[in-house]
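K.L.:
sequence and computational prediction follow.
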Amino acid sequence: MKTRKLGASDLDITRIGLGTWAMGGDEWAYGWGPQDDAASVAAIQKAIDIGINWIDTAAVYGIGHSEEVVGRAVAGRRDKVLIATKCGRVLQGKGPTIVGRLTAKSVREELEGSLRRLGTDHIDLYQIHWPDPEPEIEEGWTEIARQVKAGKIRFAGVSNFSVPQITRLQKIHPVASLQPPYSMLRRDVEKELLPFCGANRIGVIVYSPMQAGLLAGRFTKERVAQLPDTDWRKKNPHFTEPALSANLALVEKLKAIAARKGHSVAELAIAWVLRRPEVTAAIVGGRGPEQVEQTRGGADWDLSPAEIAEIDKALAERQAAG
Ligand SMILES: NC(=O)c1ccc[n+]([C@@H]2O[C@H](COP(=O)([O-])OP(=O)(O)OC[C@H]3O[C@@H](n4cnc5c(N)ncnc54)[C@H](OP(=O)(O)O)[C@@H]3O)[C@@H](O)[C@H]2O)c1
């Protein structure tokens, strides 16, 4: 699998990283329905076996559970994989409400927790999950810079930040990467953030390239209706009418384009976000080894101009549908 340097950092990452949000399980506010830990471990090990060299997680996913599963899966193979995790979303009191917190003390405590759960003495990429609360971003970032000096963090990045917010942090410590949402159904990053990151050598690792699985080809109206109440997608506007029918019609058109090249539509969705030169890599969520296997082909598929034009036409028709 091809690799790229993450911005100005020394991290050489494969064009797909494995996303582990769903592996947090469903015992917290943003679960994806029931998830089997054994399948999660197998997915992570499959990813490493096929050459995916980085994993994205966050302390908040399953309130530490995703990190624990990642720690279990990489035990004995830590040197084969780079670990990216995130801080800044914490339980308010005993929960279940999750709030943003970026005080130095909170960041320090979160980092220690992540290191313990992941079974490692360093994080390769440590990211602020959300710029929340906004007035605290400098304090949190300053603490992260301190932990870089202490050797517990190799590189530091941000997620869901705007250009002005990144600019504020750059004055304190270099921002190695941005993790924004990006998919055919969510393109706002194209206007300002991608050009800014490209011009400033900030790596971009995009999340939800298959729009949380909606573009992966396994969704039908029936499946959406049957999603458990503990799956956050059940109430998400992309998965509810009137958007759902138009999105599923789009996926049918995309399937035909992918099939001509012997690829899955999931791989097409991934290849499409990777067509942008500013995008270093895509974070692809997988809940079991078979999904990791079925999406790997997106990493090295360079879409042709004709394929991109055909996808553009399908997207324009989707937009016209409202
Ligand atoms: N920084 C942030 O704020 C933020 C936000 C969101 C995500 N992320 C990161 O980005 C990662 C990826 O994003 P994501 O998980 O939201 O969305 P995604 O990668 O677009 O979609 C992942 C989901 O698609 C489905 N899927 C995967 N492979 C498939 C296949 N071959 N065929 C059919 N369905 C398949 C799975 O769900 P089902 O099988 O249940 O359909 C899987 O959980 C996350 O895991 C997380 O690490 C970060």
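P.N.:
Everything's here; your move.

K.L.:
and the stretch 101-250 of the chain, which of its residues are near the ligand?
P.N.:
Residues of the stretch 101-250 of the chain found near the ligand (Cβ under 6 Å from any ligand atom) are 129, 159-160, 179, 207-213, 216-218. In this view, the C-beta of every residue, glycine as well, is placed from N, C-alpha and C.

K.L.:
what two of those residues have the greatest distance between them?
P.N.:
Checked with Cβ to Cβ, these reach their widest spread between H129 and G217, with 28.8 Å between them.

K.L.:
these two: who's more crowded?
P.N.:
Legend: neighbour count by other Cβ atoms under 10 Å for H129 and G217, higher for H129 (22 against 19).

K.L.:
wait, that one sits on C87?
P.N.:
Yes. With contacts defined as Cβ atoms under 8 Å, H129 counts as touching C87 at a distance of 6.5 Å.

K.L.:
quick one on the thing from earlier: in TSV: the residues of the stretch 101-250 of the chain next to the ligand, plus distance to M23 and pLDDT.
P.N.:
Formatted as TSV, the entries for these read as follows, by distance: Cβ to Cβ, whole Å; pLDDT from 0 to 100:
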residue	distance to M23	pLDDT
H129	16	98
S159	18	99
N160	20	98
Q179	17	98
Y207	14	98
S208	15	98
P209	17	98
M210	16	98
Q211	19	98
A212	14	98
G213	14	98
A216	16	98
G217	21	97
R218	18	96
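
K.L.:
now do the contacts for the closest residue to T230 other than its chain neighbours.
P.N.:
Nearest residue to T230 in three dimensions, chain neighbours excluded: D26, at 3.9 Å (Cβ to Cβ, 6 or more residues apart in numbering). If a contact means Cβ atoms under 8 Å, 6 or more residues apart in numbering, then D26 has 32-35, 228, 230-231 as its contacts.

K.L.:
do the same with Q147
P.N.:
When the contact criterion is Cβ under 8 Å, 6+ apart, the partners of Q147 are 107-108, 111, 126, 153.

K.L.:
hmm, 10 Å instead?
P.N.:
Taking Cβ atoms under 10 Å, 6 or more residues apart in numbering, we find Q147 in contact with 104, 107-108, 111-112, 115, 122-123, 126, 153, 156.

K.L.:
chain center to whatever helix or strand it lives in, what's the gap?
P.N.:
Q147 belongs to helix 137-149 when assigned by DSSP states H and E. Here helix 137-149 shows a centroid-to-chain-centroid distance of 22 Å under the convention Cα atoms, centre = their mean, to the nearest Å.

K.L.:
just stretch 313-322 next, same as before
P.N.:
25 Å.

K.L.:
what residues of that stretch count as buried?
P.N.:
Applying a neighbour-count criterion of 16 or more other Cβ atoms under 10 Å, one finds 314-315, 318 buried in stretch 313-322.

K.L.:
please apply the same query to stretch 209-222.
P.N.:
209-217, 219.

K.L.:
contact partners for the residue in the stretch 101-250 of the chain that the ligand sits nearest to?
P.N.:
Ranking the residues of the stretch 101-250 of the chain by distance to the ligand (Cβ to the nearest ligand atom) places G213 first, at 2.7 Å. Contact criterion Cβ under 10 Å, 6+ apart gives 22, 32, 219, 223, 233, 239, 266, 269, 285-287, 291 as the residues in contact with G213.

K.L.:
just the buried subset of those, please.
P.N.:
Of the members of the contacts of G213, the ones counted as buried by neighbours, 16+ other Cβ under 10 Å, are 22, 32, 219, 233, 239, 266, 269, 285-287, 291.

K.L.:
against S9, how distant is the most centrally placed residue in the chain?
P.N.:
Taking Cα atoms, centre = their mean, the centroid of the chain lies closest to Y207, which sits 3.3 Å from it. Relative to S9, Y207 is positioned 18 Å away (criterion: Cβ to Cβ, to the nearest Å).

K.L.:
what's the answer for L254, then?
P.N.:
In this structure, L254 and S9 are separated by 33 Å, where distance is defined by Cβ to Cβ.

K.L.:
list residues touching both of H129 and C87?
P.N.:
Counting by Cβ under 10 Å, 6+ apart, the contacts common to H129 and C87 are 58-60, 102, 110.
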